[in-house]
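Asker: Sequence isn't available, so here's the structure alone:
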């Protein structure tokens with residue numbers, strides 16, 4: 001509709017700014033987790049790619065990190081910081097339980113070990129500080 005076209009056109013004027021803020025959040029997480037074994041932050045595979053990082057996600061390797069994705073998610077939830085698992089694969093959805101499935105285990109492992117972190121373009125320095133503090137407490141909880 002004309003109204004939706006007008007809204008979309010207005011959003012185009014701030015798109016680059018919003019992408020910059022999302023990319024800033026991804027960089028924040030790469031710095032936060034750079035020295036943590038078992039955590040992989042999603043990033044571009046090479047300099048030939050440019051991601052808008054609309055979501056910043058991590059993979060938690062429990063054997064290396066010493067904790068699971070779910071343990072981190074629950075700790076963040078107790079700290080009033082929303083995060084969520086990566087998307088549940090279609091073949092694991094109840095509606096498709098009897099449907100044929102072709103593929104390996106990549107989607108399931110991403111769902112089991114992957115976590116979407118707060119990535120909004122409206123996050124403030126105070127929000128980032130709270131996230132950093134909570135994750136720091138969680139990572140160092142046994143030390």
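Answerer: Perfect, thanks for sending it. Here the structure is a predicted model, which means the values were calculated and not measured. Residues are numbered from 1 along each chain as shown.

Asker: going forward, measure contacts and count neighbours with C-alpha atoms only.
Answerer: Will do.

Asker: all helices for this protein, in order.
Answerer: 2-12, 15-33, 62-65, 69-78, 106-113, 125-139 (DSSP state H).

Asker: Nearest to residue 89, out of these?
Answerer: Residue 89 lies closest, by CA to CA, to one member of the helices of the chain: helix 106-113, at 6.0 Å.

Asker: buried stuff in the closest one?
Answerer: Across helix 106-113, burial judged by 16 or more other CA atoms under 10 Å covers 107-108, 110-113.

Asker: now these as CSV including pLDDT and distance to residue 64?
Answerer: Shown next, in CSV, are the buried residues of helix 106-113 (pLDDT from 0 to 100; distance: CA to CA, whole Å):
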residue, pLDDT, distance to residue 64
107, 91, 20
108, 92, 19
110, 94, 16
111, 94, 18
112, 95, 15
113, 97, 12
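
Asker: just these now: which is nearest residue 51?
Answerer: Comparing the buried residues of helix 106-113 against residue 51 with CA to CA places residue 110 closest, at 19.0 Å.

Asker: residues touching the closest residue to that closest one other than its chain neighbours, list them.
Answerer: Residue nearest to residue 110 in three dimensions, not counting chain neighbours: residue 86, with 6.6 Å by CA to CA, 6 or more residues apart in numbering. Applying CA atoms under 8 Å, 6 or more residues apart in numbering, we find residue 86 in contact with 57, 110-112, 114-116.

Asker: Just put those residues in JSON lines and tack on distance to residue 140.
Answerer: Shown next, in JSON lines, are those (distance: CA to CA, whole Å):
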{"residue": "57", "distance to residue 140": "21"}
{"residue": "110", "distance to residue 140": "25"}
{"residue": "111", "distance to residue 140": "25"}
{"residue": "112", "distance to residue 140": "23"}
{"residue": "114", "distance to residue 140": "21"}
{"residue": "115", "distance to residue 140": "19"}
{"residue": "116", "distance to residue 140": "21"}
